[in-house]
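J.: quick one: sequence plus predicted model below, questions after.
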Amino acid sequence: MPIAVDIDVMLAKRKMSVGELAERVGITPANLAVLKNGRAKAVRFTTLAALCEVLECQPGDLLRWEPDGPEGGDSAAHESGASVPAGTTP
């Protein structure tokens with residue numbers, strides 16, 4: 001997935017445990033682990049806001065976009081309507 005989650009970085013900077021963060025944000029440690037490990041499909045803005053408040057950071061400190069490499073395909077070309085050579089799979 002092209003969205004990387006950097007909660008670990010902020011936890012280390014704040015010298016805070018996952019359990020403490022989960023308790024202060026009001027989510028379960030299991031749900032925080034899903035988010036932290038990049039397995040979440042979505043995050044509520046209220047949860048993101050609570051994370052930012054507790055960690056005293058901005059959303060961009062927790063989430064960043066990483067473009068897919070050549071192995072992952074070039075989704076930008078497909079979205080822009082670029083043509084695909086014959087005999088290849090889009």
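T.: Cool, got the structure. Numbers count the residues shown, from 1 in each chain.

J.: CA atoms of stretch 8-15 as PDB?
T.: Backbone C-alpha positions of stretch 8-15 (Å, rounded to 0.1, in the frame of the first residue of the first chain) are rendered in PDB as follows:
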ATOM      1  CA  ASP A   8       6.500   3.800  15.700                       C
ATOM      2  CA  VAL A   9       8.700   6.900  15.000                       C
ATOM      3  CA  MET A  10       6.600   9.200  17.100                       C
ATOM      4  CA  LEU A  11       6.300   6.600  19.900                       C
ATOM      5  CA  ALA A  12      10.100   6.500  20.100                       C
ATOM      6  CA  LYS A  13      10.400  10.300  20.000                       C
ATOM      7  CA  ARG A  14       7.900  10.600  22.800                       C
ATOM      8  CA  LYS A  15       9.300   7.600  24.700                       C
END
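
J.: quick one: mean pLDDT for it?
T.: Here the mean pLDDT over stretch 8-15 is 96, rounded to a whole number.

J.: tell me the buried residues in it?
T.: When burial is assessed from 16 or more other CB atoms under 10 Å, stretch 8-15 yields the following buried residues: 10-11. For glycine as for every other residue, the C-beta is placed from the backbone atoms N, C-alpha and C.

J.: and the contacts of that stretch?
T.: Counting contacts by CB atoms under 8 Å, 6 or more residues apart in numbering, the residues outside stretch 8-15 that touch it are 17-18, 21, 36, 55-57, 61-62.

J.: sort out which of these are buried, if you could.
T.: Using 16+ other CB under 10 Å as the burial test, those include 21, 36, 55, 57, 61-62 as buried.

J.: ok, the residues you listed vs Leu48, which is closest?
T.: Top of the list for closeness to Leu48, among these and by CB to CB, is Leu62 at 7.2 Å.

J.: quick one: contacts for the closest one?
T.: Contacts of Leu62 were listed using CB under 8 Å, 6+ apart, and they are 5-7, 10, 48, 51-52, 55.

J.: at 7 Å what do you get?
T.: Applying CB atoms under 7 Å, 6 or more residues apart in numbering, one finds that Leu62 lies in contact with 5-7, 10, 51.
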